[in-house]
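1. The following block contains a protein sequence and its predicted model.
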Amino acid sequence: MLRDWVNTMRFGTISSPPARGAWLYLPAALVALAMTLPLIYLIVRASTAGISAWNWLLRIQTIQIIGQSIGLALAVMLAALLLGIPLAWLVTRSDLVGRKIWSVLLPLPLVIPSYVAAYLFVSFFAPRGLLQQMLEGWLGIERLPSVYGFWGAWLVLTLMTYPYVFMAARAVLSRSDRSLEEAARSLGYSPLETFWKVTLPQLRPALAASSLLVGLYVLRDFGAVSILRFSTFTRAIYLQYQSSIDRSTAALLALVLILITIGFLIAEQRFRRSAAEYPHTAARPPELTRLGRWQVLGLALVGITLLLGLFFPAGVLFYWLVRGLAAGGQVNHWLRPFWGSVSAAGLAAGATVLLTFPVSILSVRRKSIFSQVLEKWSYIGYAVPGIVVALALVFFGANFVPGLYQTLFMLLFAYVILFLPQAMGSIQASLRMVQPSLEEAAASLGENPLRVFQRITLPLIMPGVGAAAALVFLTAMKELPATLLLAPIGFSTLATQIWGAVSEAYFARAAAPALILILTSSISMYLINLHSMNEGSSQRQ
């Protein structure tokens, strides 16, 4: 969504005659219909709810969960903005020492699943955790304050999500033309006034989109809030699903969560429309601001962020890994779940990218009301948390296609619903960079549309396709609630292995699969970062 917006603003909307490509409407419509399946299930299921389910929904505790979910999402969004914007400015607009290295390291917390970060945080800072054990030997401290609840969840989720804001702001700041800022300075504006009146309006649309991703991440999160014992809707839905035979209450809760998510989407759209839009193609590389005596403060901000968000989790993870190996644990026990994760995520990436093509091509090349409706419906995956998709597919599989229930196909179906919007943004952006005249020239020579796409369009958009596949692979590797509920019997992944070990407080046993998961996800993150940097350099040429 963010990449889609940036490229739309940069290149404008490209359209071509609608006569060709009509064959894409049927597969695109089927994809959009499949994306609405969870919402249809929830509405049908909620319509059968009894009075007890509605009474449960209207309890004071449920109202509190609504407030806690929204409050946590807003708090993390604000913190991510306050952290991501200064970090992006430091690495793009200042002479910060080592800024190129920091620019590569600062997005890396994205590869750490929130439930892994939460378990490492708890194992170290909990009242009887590693820190307390060290302090007890040195200072005789027998117990530390609790890290569970709102503040623990807020800190962990902020450290795991600020890269969304950082990367969005970095992209805009590194490509924007500084002529407007220089004009403001020549009129007597101070650096701070120039930032607020000129630079920030250019950032606002990108910040709206990236903060939306942060808010949705928090609303969808299940692992971190569960480990840190903070009640949000995802945790309440899972507990209700596990403890009740009647799933109507869980469906009602899921509908409320979707309504909250839609509220976030509407707010983001309105904020984006009210934001000023400026050309973002840099006419020349931006000049760097000399930090002078503020150099130390800038390095401190970067250092503390990386320490808490990257180096600390890595250090604690290696501690538990060494401790587990010393106790007789074996890393090769995790080869089977590793293969399960890689195979499921790889198949999901391929299937998602393939199914994205019809909707993306229609929305970019065949502008019409119908194609726009198909595109909007396909984005519904942004509004549906993984646990809600899993609930819908459990019901759908058990009642209508029992042969597919608890099969790998059903798990892949859930991944496609959840992650197709991520792939669509990257592929749409790449399509907008291809001149329609190239396709029209091939078509005028008698080539059919499929052949034109295969020989002309696909080679040109392959970098974007690769980035889309890498992003889906990265998020599918980390997905927890959908995998817990839909994975076939006996099918093990790194995410489920980590969750099983952490749930029983076997932190050393969770270390090896967590490390393997992070290392594997880092490859995808590298490819995404590489595509982003190559795209930026090509736009400056």
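-> Thanks, I have the structure now. Numbers count the residues shown, from 1 in each chain.

2. Check which helices and strands the helix or strand containing residue 398 is in contact with.
-> Applying DSSP states H and E as the criterion places residue 398 in helix 386-399. In this structure, helix 386-399 packs against helix 37-47, helix 233-243, helix 248-274, helix 408-432, helix 481-486, with contacts taken as 3 or more Cβ pairs under 8 Å, 6 or more residues apart in numbering; DSSP states H and E. (C-beta placed from N, C-alpha, C; glycine too.)

3. Check the offset of the first one from the chain's centre.
-> What that stands for is helix 37-47. With Cα atoms, centre = their mean, to the nearest Å as the basis, the distance from the averaged C-alpha position of helix 37-47 to the chain average is 25 Å.

4. Next secondary structure after it?
-> Once the chain leaves helix 37-47, the next helix or strand it forms, by DSSP H and E, is helix 51-57.

5. Can you list the buried residues in that next one?
-> Along helix 51-57, these residues count as buried under the neighbour rule (16 or more other Cβ atoms under 10 Å): 53, 56, 57.

6. CA-only coordinates of stretch 92-108 in PDB, if you can.
-> C-alpha atoms of stretch 92-108 as PDB (Å, rounded to 0.1, in the frame of the first residue of the first chain):
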ATOM      1  CA  THR A  92      19.400  10.800   4.900                       C
ATOM      2  CA  ARG A  93      19.900  14.500   5.700                       C
ATOM      3  CA  SER A  94      22.700  14.700   8.300                       C
ATOM      4  CA  ASP A  95      26.400  14.000   8.400                       C
ATOM      5  CA  LEU A  96      25.900  11.400  11.100                       C
ATOM      6  CA  VAL A  97      29.000   9.200  11.500                       C
ATOM      7  CA  GLY A  98      28.400   5.800   9.900                       C
ATOM      8  CA  ARG A  99      25.000   6.800   8.600                       C
ATOM      9  CA  LYS A 100      25.100   4.300   5.700                       C
ATOM     10  CA  ILE A 101      25.700   1.400   8.100                       C
ATOM     11  CA  TRP A 102      22.900   2.600  10.400                       C
ATOM     12  CA  SER A 103      20.600   2.900   7.300                       C
ATOM     13  CA  VAL A 104      21.100  -0.800   6.700                       C
ATOM     14  CA  LEU A 105      20.800  -1.900  10.400                       C
ATOM     15  CA  LEU A 106      17.800   0.100  11.500                       C
ATOM     16  CA  PRO A 107      15.200  -1.800   9.500                       C
ATOM     17  CA  LEU A 108      16.400  -5.200  10.700                       C
END
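
7. ok, residues contacting that stretch?
-> 87, 90-91, 163, 166-167, 170, 173-174, 286, 288-291, 295, 298-299, 302, 305-306, 310, 522, 525, 529 (Cβ atoms under 8 Å, 6 or more residues apart in numbering).

8. Return the subset of those residues lying in helices.
-> Using DSSP state H to define helices, the subset of the contacts of stretch 92-108 located there is 87, 90-91, 163, 166-167, 170, 173-174, 295, 298-299, 302, 305-306, 522, 525, 529.

9. The residues you listed, buried ones only, as a PyMOL selection?
-> The following PyMOL selection, which keeps only the buried ones among these, applies the criterion 16+ other Cβ under 10 Å:
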select buried, resi 87+90+91+163+166+167+170+173+174+298+299+302+305+306+525+529
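
10. ok, how many other residues are close to residue 139?
-> Burial measure for residue 139: 8 neighbouring residues, criterion other Cβ atoms under 10 Å.

11. Show me the domain layout of this protein.
-> In the domain annotation for the chain, the residue ranges read 1-35+311-541, 61-109+153-282 (automatic domain parsing).

12. With mean pLDDT as extra columns, can I get those domains in a markdown table?
-> Shown next, in a markdown table, are those (pLDDT from 0 to 100):
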| stretch | mean pLDDT |
| --- | --- |
| domain 1-35+311-541 | 78 |
| domain 61-109+153-282 | 80 |
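
13. ok, the closest residue to residue 423 other than its chain neighbours to residue 409 distance?
-> What sits nearest to residue 423 in space, not counting adjacent residues and going by Cβ to Cβ, 6 or more residues apart in numbering, is residue 468, at 3.9 Å. Between residue 468 and residue 409 the computed distance is 21 Å (Cβ to Cβ, to the nearest Å).

14. In the stretch 101-250 of the chain, what residue spans correspond to strands?
-> Here the stretch 101-250 of the chain has no strands by DSSP state E, counting those that start in this stretch.

15. what about the helices in it?
-> Taking DSSP state H, counting those that start in this stretch as the criterion, the stretch 101-250 of the chain carries its helices at 114-125, 130-139, 150-175, 179-186, 191-194, 200-220, 223-227, 233-243, 248-274.
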